[in-house]
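Student: below is the sequence, then the predicted model.
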Amino acid sequence: MASPKYVVWYYPGKGRAENARLILEAAGVPYENKYIGDWAAEKPTTPFGQLPVLLMTNEKTNQPMQLAQSAAIVRFLARKYDLVAEDPLDYAIADSVYESTNDINELLMRIVWATPEPEKPAAIEKFKQETVPNFIKSHTAILEKNGNKGIYAGNELTYVELAAFNTINELNAVVPGAISATTAPALWKMHELVANHDKIKAYLASPRLHKV
């Protein structure tokens, strides 16, 4: 990659930063990862005392700046690099899907990182029995309504498919095989469309990819 245009500041993992990384990878835009050091000292320097933060240069002022909040970062990068649906309604439908993936990701992170070990099996089982079927049903309906071509709205791959791809990977890490060609063919078709995108495929095979 060329010299970085952006720095993604986060913990050394996927979490709330991975969707931004996927957009940058799909767009072929150089970036680097920055990980926390002395967080007690670093936290007050961020806009909201939270990560991720996107470090970049403001193109209007040519000054360094920080952009915070994962959803704002994702939408900024997606719009900037034309990974959004052109039609306003298509954009809104797809964005509703993006919000639903955020809901799932937050639940997964709570289960993995905030649930006491003795309580995890029950939490995972509840997620498997209640959340996964609803996720499959709602996403399948939207994909099928758009022609079952692996795209939620419109005709082109956008940040929403990238985010859903990431969610499926995280979901399958907690409930192995929950989303597959057998259990959710429309969703898996979307997943494979992203996985076989030339730049994403290269990213998945690269050392840049975080394992967790």
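Tutor: Everything's here; your move.
Student: near residue 116, how many other residues are there?
Tutor: 7 (other C-beta atoms under 10 Å). Using the backbone N, CA and C atoms, a C-beta is placed for each residue, glycine as well.
Student: oh, that last question was meant for residue 97, not what I typed.
Tutor: Neighbour tally, residue 97, other C-beta under 10 Å: 21.
Student: my guess is it meets residue 141, correct?
Tutor: No: in this structure residue 97 lies outside contact range of residue 141 using C-beta atoms under 8 Å: 10.8 Å.
Student: the residue lying closest to residue 20 once chain neighbours are set aside and residue 85, how far apart?
Tutor: In space, and not counting its chain neighbours, residue 20 is closest to residue 73: 4.9 Å by C-beta to C-beta, 6 or more residues apart in numbering. According to C-beta to C-beta, to the nearest Å, residue 73 and residue 85 sit 19 Å apart.
Student: also residue 114?
Tutor: 34 Å.
Student: neighbour count winner among these two?
Tutor: More crowded of residue 114 and residue 85, by other C-beta under 10 Å: residue 85, with 22 against 8.
Student: assign a three-state SS to the closest residue in space to the more buried one that isn't next to it in sequence, would you?
Tutor: Distance criterion C-beta to C-beta, 6+ apart; nearest residue to residue 85, sequence neighbours excluded, is residue 154 at 4.0 Å. Classification of residue 154 by DSSP: H, G, I helix; E, B strand; the rest coil places it in coil.
Student: wait, residue 154 sits on residue 86?
Tutor: Yes: Residue 154 lies in contact with residue 86 (C-beta under 8 Å); the separation is 6.9 Å.
Student: right, I'll call it a day here.
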